[in-house]
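Chemist: This is a predicted model, with the sequence first.
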Amino acid sequence: MVPKNLVHDVFEHVRSQGALGAGCATGIDGFFAFANDRTTECSAAFYEPIMCLVLQGTKEAYQGGRVIRYGAGDTLIVSHAVPVEAAVIEASKDAPYTALLLQLDLALVRSLHDEIGGIKDIADDIHSIDAAVSDAALLDAVARLFWLSRDPVERQALAPLVLKEIHFRLLRARHGGMLRQLLRRESPASRISKTIAYIRDNFRVAIPVTDLAAESGMSLSAFHEHFKSVTSTTPLQYQKELRLQEARRLLTGGQLSVAATAYDVGYESPTQFSREYSRKFGMSPSDHKASGALLAS
């Protein structure tokens, strides 16, 4: 059960930072607090490798036909950077959605190989994004990390130890199967993780899928199968998602024209860009740019 004082303290931290609906830092790198007193529309996003512990309210993420619902006391584990759509579906002024999010340190994950004792998952139904009820030990560790984040001395002395504990407990969690696969450097999950990093670094240029498969050390058919099992999409669609997400960021910033944005993210045709952007976000790039300028004024 989530401690009520933890819900209160996290909400007050976010509110005091003027970050309701957006979230804010806690003082520990990669560790963030979120609170929202209203539900949200479903929107496209990229989830990085993260852990999200929901303290109050409920959120849903949608990936490849799957619906992942996570509410109070549940932990979401995301092992790879994946495109999703998500929405806060339960929140109110009396019971705001409240959560703590930790960016996962994959190097730390792999360093725990000996402590975990190897890969034990043999089921086929493991996912790169999954949620389940948190066990008491994980909940306690995340709560301690938040509370010590407010004391500079404890933060410096104890945060590295608690961060290691949290990663250890996530690896042992029932729904941490894909994360456990990353313990093996030559596993398909690890190879796809490296491929994802390469695509993200080079999303503006055309990348032949045959080159990606060769780089991963897999046959073309095996590469397609494993890539889709992790991301629920194809390499080309994944690259398109990256381009459109970056375009939305640029348009919201308002510094580039629509055509310049299209070229900046790798499109050769502004017309094609506008068509795909509108289909993805339900708003044309020019309308999105205008709305961003209005919010900034």
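Modeler: Okay, I see it.
Chemist: quick check, Y70 in a helix?
Modeler: No. Counting by DSSP: H, G, I helix; E, B strand; the rest coil, Y70 is not found in a helix; it is strand.
Chemist: Model confidence for it, exactly?
Modeler: Per-residue pLDDT puts Y70 at 98.
Chemist: and the most centrally placed residue in the chain, bridged to which residues?
Modeler: Centroid check for the chain by C-alpha atoms, centre = their mean gives Y47 as the closest residue, at 2.2 Å. In this entry, Y47 is beta-bridged to V82, by DSSP bridges.
Chemist: what's the distance between it and V78?
Modeler: 5 Å (C-beta to C-beta, to the nearest Å). C-beta here means a position set from N, CA and C on the backbone, and glycine is covered the same way.
Chemist: Need the residues touching each of the two.
Modeler: Shared contacts of Y47 and V78 (C-beta atoms under 8 Å, 6 or more residues apart in numbering): I129.
Chemist: State the distance from the residue nearest to the centre of the chain to E154.
Modeler: According to C-beta to C-beta, Y47 and E154 sit 30 Å apart.
Chemist: again with L148
Modeler: 4 Å.
Chemist: Compare the two and say which is more crowded by neighbours.
Modeler: Neighbours per residue (other C-beta atoms under 10 Å) separate L148 from E154, with L148 holding more: 21 against 14.
Chemist: can I assume the more buried one is in contact with Q156?
Modeler: No. In this structure L148 lies outside contact range of Q156 using C-beta atoms under 8 Å: 9.6 Å.
Chemist: Which neighbours do the two have in common?
Modeler: Counting by C-beta under 8 Å, 6+ apart, nothing touches both L148 and Q156.
Chemist: Would you map the helices across the stretch 151-297 of the chain?
Modeler: For the stretch 151-297 of the chain, the helices defined by DSSP state H, counting those that start in this stretch cover 152-172, 177-181, 188-201, 209-216, 220-231, 235-253, 258-264, 270-281, 285-296.
Chemist: Please identify the buried residues of the third one?
Modeler: Of the residues in helix 188-201, P188, A189, S190, R191, I192, S193, T195, I196, I199 count as buried by neighbour count, 16 or more other C-beta atoms under 10 Å.
Chemist: any chance of the residues you listed in TSV, plus distance to E85?
Modeler: Output for these, formatted as TSV (distance: C-beta to C-beta, whole Å):
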residue	distance to E85
P188	25
A189	23
S190	27
R191	26
I192	21
S193	22
T195	23
I196	19
I199	20
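Chemist: now, which of the residues you listed sits nearest I89?
Modeler: Checking those against I89 with C-beta to C-beta, the nearest one is I196 at 27.9 Å.
Chemist: who's in contact with the closest one?
Modeler: H80, A81, V230, T231, Y238.
Chemist: Give the burial count for the residue nearest to S190 when sequence neighbours are not counted, as a bare number.
Modeler: Excluding its sequence neighbours, the residue lying closest to S190 (C-beta to C-beta, 6 or more residues apart in numbering) is L182, at 5.5 Å. Using other C-beta under 10 Å, L182 has 23 neighbouring residues.
Chemist: Kindly report the same for F146.
Modeler: F146: 22 surrounding residues under other C-beta under 10 Å.
Chemist: Please give me every residue in contact with it.
Modeler: Taking C-beta under 8 Å, 6+ apart, one finds L6, D9, V10, T26, F31, A33, L100 in contact with F146.
Chemist: check which helix or strand covers it.
Modeler: If you go by DSSP states H and E, F146 is part of helix 136-148.
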